[in-house]
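just a sequence and a predicted model for now, questions to come.
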Amino acid sequence: MSVTPKFRVGILGASGYTGADLVRLLLTHPNVEIALMTAERKAGMPIGDVFPHLAGYDLPDLIGLDEVEWPAVELDVVFCALPHATSQEVIKGLLHATGHSLLDEMVVETTGDLADSISGEVKVVDLSADFRLRDTDVYAQWYGREHSAVTLQPKAVYGLPEVNRDQVRKAHLVACPGCYPTAALLALIPLLKAGQISAEDIIIDAKSGVSGAGRSLKEANLFVEVAEAMHPYAVGQHRHMPEIEQELTLAAGEDVRISFTPHLVPMNRGELETIYVRLKEGTTVGDLKDQLVDAYADEPFVSILEEGVVPATRMVRGSNRCVLNVFQDRIPGRAIVVSAIDNLVKGSSGQAIQNMNLMLGLDETTGLMQAPMFP
Ligand SMILES: NC(=O)C1=CN([C@@H]2O[C@H](COP(=O)(O)OP(=O)(O)OC[C@H]3O[C@@H](n4cnc5c(N)ncnc54)[C@H](OP(=O)(O)O)[C@@H]3O)[C@@H](O)[C@H]2O)C=CC1
Ligand SMILES: CC(=O)N[C@@H](CCC(=O)OP(=O)(O)O)C(=O)O
């Protein structure tokens, strides 16, 4: 009986929420083995002590980043599920330690022919925000610190597979989109590309479950602070705004400005965005719907719901799906687009695996076809 060779995968930050969901999803992925898992405070612990739901599986113990023996650990893929700022330092360090060609000044981008010449080297999928913003000055402005890997940034590919699939296939460093941007971009990019909606009048009203804030202890995320209540935060200044505008502007070919307000809602996972748009002259709500149906006809993870069916987080929980629909606003000339994802799956870990599948030349859906959990 022949044994399928498996790619060796490392998860940096496996003791966090996205790390845990990476482990959960990768445990049933037929083409990978989890060869390394790191933590900071939880270093030295078995993963089952940190996350009881992951006890009893054949997994390595959590180790500190400083204990990783690059390049001897021989990883094919590294998932970086670390806080932003830490991530760029760690990625730069691991590329140095493995003597990666991506650091070569001659390699100006990873998606052209040069990508083929570095095909055997480790591939990095970053879940943090560190390589998403293409302009490092914009990064400095929104993240309050200078970017420390300025020459590496242009070599990263923005990992929204439905939009950048071909670049992701050849990439060695993929920046996974933020959870809010994922839900917004999937809803809006096809409409802006088709010139159906105004680039100037887009209002995104977003809601997220508390796992979106990560597992580290924060007073604002205690049960008493979030249960039986709901509140907006980072009003008018959330750092996902420039990320969403960057990708919408690229798609539209003109400057796109958005109003974006996230809210924290008392649920563990899930993200819902209600998006108000202005129709261009001569465009109907039916045209928007047709455009979304067309754009996603062959996409395994994006579904446009039937007439009148309202997207909800319970339709996507635990799955890599995004569900969308379009509705007529009472105000003439306006429409409402609703988008739902699971922040920990399509909004981070699932999307990261979707990117990995593309980078490794595997079927994009491998290990990601779980149906949503309900109730
Ligand atoms: N949660 C979400 O829905 C989403 C998160 N993201 C991004 O993904 C990344 C991970 O998020 P999430 O899993 O929620 O975060 P968590 O706070 O839950 O986990 C962070 C992980 O990083 C480790 N860590 C923290 N500081 C350091 C350090 N200085 N050196 C080494 N390791 C460190 C932690 O280890 P330990 O616990 O042992 O200290 C833990 O394993 C972040 O950049 C986040 O912004 C992106 C999209 C959605
Ligand atoms: C509920 C909540 O707090 N969500 C996080 C976003 C999660 C995410 O996508 O974060 P990164 O862009 O840092 O990767 C926030 O608003 O900061």
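Cool, got the structure. Residues are numbered from 1 along each chain as shown. Ligands and ions are numbered 1, 2, ... in the order given.

next up, the contacts around residue 122.
71, 75, 76, 77, 78, 94, 95, 98, 100, 172 (C-beta atoms under 8 Å, 6 or more residues apart in numbering). Bear in mind the C-beta positions are built from the backbone N, C-alpha and C, glycine included.

the one helix or strand residue 137 maps to near ligand 2 at all?
Per DSSP states H and E, residue 137 falls inside helix 136-143. No - Helix 136-143 lies out of reach of ligand 2 by C-beta under 6 Å from any ligand atom, never closer than 9.2 Å.

look up phi and psi at the residue nearest to residue 364 when sequence neighbours are not counted.
The shortest distance from residue 364 to any non-neighbouring residue, by C-beta to C-beta, 6 or more residues apart in numbering, is to residue 357 (4.9 Å). Per-residue torsions, residue 357: phi -60, psi -40 (degrees, to the nearest 10).

residue 357 and residue 369 touch, don't they?
No - in this structure residue 357 lies outside contact range of residue 369 using C-beta atoms under 8 Å: 11.5 Å.

the more surrounded of the two?
Neighbour totals were compared for residue 357 and residue 369, and residue 357 leads with 22 against 13 (other C-beta atoms under 10 Å).

roughly how far does the more buried one sit from residue 161?
Distance of residue 357 to residue 161, computed by C-beta to C-beta, to the nearest Å: 9 Å.

next one: residue 294
18 Å.

pick out whichever of those two has more residues nearby.
For residue 294 versus residue 161, the count of surrounding residues by other C-beta under 10 Å is larger for residue 161: 22 against 12.

count of neighbours near whichever residue of the stretch 51-200 of the chain sits closest to ligand 1?
Ranking the residues of the stretch 51-200 of the chain by distance to ligand 1 (C-beta to the nearest ligand atom) places residue 128 first, at 3.1 Å. The burial count assigned to residue 128 is 23, neighbours taken as other C-beta under 10 Å.

could we number from 12 for the rest of this?
Happy to do that; since the first residue is 12 now, the last one works out to residue 139.

do you know the pLDDT at it?
pLDDT for residue 139: 98.

who touches it in this structure?
Per C-beta under 8 Å, 6+ apart, neighbours of residue 139: 91, 92, 93, 94, 95, 97, 98, 99.

which two of those residues have the greatest separation?
The span of these, defined through C-beta to C-beta, is set by 92 and 99 at 13.8 Å.

quick one: which of the two has more around it?
Neighbours per residue, other C-beta under 10 Å: of residue 92 and residue 99, the larger number sits with residue 92, 28 against 24.

if I pick the more buried one, what's in contact with it?
Taking C-beta under 8 Å, 6+ apart, one finds 22-25, 27, 29-30, 33, 138-139, 359-360, 363 in contact with residue 92.

in strands, which of those appear?
22, 23 (DSSP state E).

which of the contacts of residue 92 sits closest to residue 76?
Comparing these against residue 76 with C-beta to C-beta places residue 23 closest, at 6.7 Å.
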